[in-house]
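# sequence and predicted structure, then a few things I'm wondering about:
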Amino acid sequence: MPATSYAEGLGWPVDEMEGAARSALEQLRVRIHGVYPKTDAQLRQGVDWRQILDAAEQEHCDLIVMGTHGRRGMPRFILGSVAEKVIRFAPMPVLTVHAAKPEEPK
């Protein structure tokens, strides 16, 4: 039996999703490249935290910077934490950034 991806299991067109992801990533890379010329972007498939660590090691990174949702309690238990696994297994320092909550309308 061939392996089925999560997207395929939901009936999502995987090729279209990958194309949209590549396009969005390239647009972001071009925007950031003007300010940070050494910026690179990669689109990978697989276990998220392992792919982050593999990319960091292959690129000989000195530091991993990543965002975190900052989930606590049951949501974290159920969903897990990519940032936590990267922090735990990374051979280099990891800096996590928690986005500020949007202000509530007054």
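Now that the structure is in, tell me what you want to look at. Note that this is a predicted model, so its numbers are computed, not measured. Numbering: from 1, shown residues only.
# which residue is the nearest non-sequential neighbour of Ile32?
In this structure, Ile32 finds its nearest non-sequential neighbour in Thr39, 4.9 Å apart by C-beta to C-beta, 6 or more residues apart in numbering. C-betas here are computed from N, CA, C, even on glycine.
# any idea how far that neighbour lies from Ala99?
Applying C-beta to C-beta, to the nearest Å, the value for Thr39 to Ala99 is 19 Å.
# test my guess that Pro96 contacts Ile64.
In this structure residue 96 is Thr, not Pro. No: the criterion here is C-beta atoms under 8 Å, and Thr96 misses it with Ile64 at 9.0 Å.
# more crowded one of these two?
Ile64 (19 against 15; other C-beta atoms under 10 Å).
# once you drop chain neighbours, what's closest to the more buried one?
Closest to Ile64 by C-beta to C-beta, 6+ apart is Val94, at 4.6 Å.
# so that neighbour is in contact with Arg88, correct?
No: Val94 lies out of contact with Arg88 (C-beta under 8 Å); the separation is 9.2 Å.
# more neighbours: which of those two?
Taking neighbours as other C-beta under 10 Å, Val94 and Arg88 compare with Val94 leading, 18 against 10.
# the biggest helix by length in the chain - contacts with which helices or strands?
Using DSSP state H to define each element, the chain has its longest helix at helix 14-33. With contacts defined as 3 or more C-beta pairs under 8 Å, 6 or more residues apart in numbering; DSSP states H and E, helix 14-33 has these neighbours: helix 6-9.
# which one's more surrounded, Thr39 and Ala99?
Neighbour count, other C-beta under 10 Å: between Thr39 and Ala99, Thr39 has more, with 13 against 9.
# tell me the contacts of the more buried one?
The contact partners of Thr39, by C-beta atoms under 8 Å, 6 or more residues apart in numbering, come to Arg29, Ile32, His33.
# for it, give me phi and psi.
phi -70, psi 140 (degrees, to the nearest 10).
# surely Val97 forms part of a strand?
Yes: assessed with DSSP: H, G, I helix; E, B strand; the rest coil, Val97 lies in a strand.
# what number of residues lie near Leu53?
Leu53, neighbours per other C-beta under 10 Å, totals 20.
# list the residues that contact it.
By C-beta under 8 Å, 6+ apart, the contact set of Leu53 is Val86, Phe89, Ala90.
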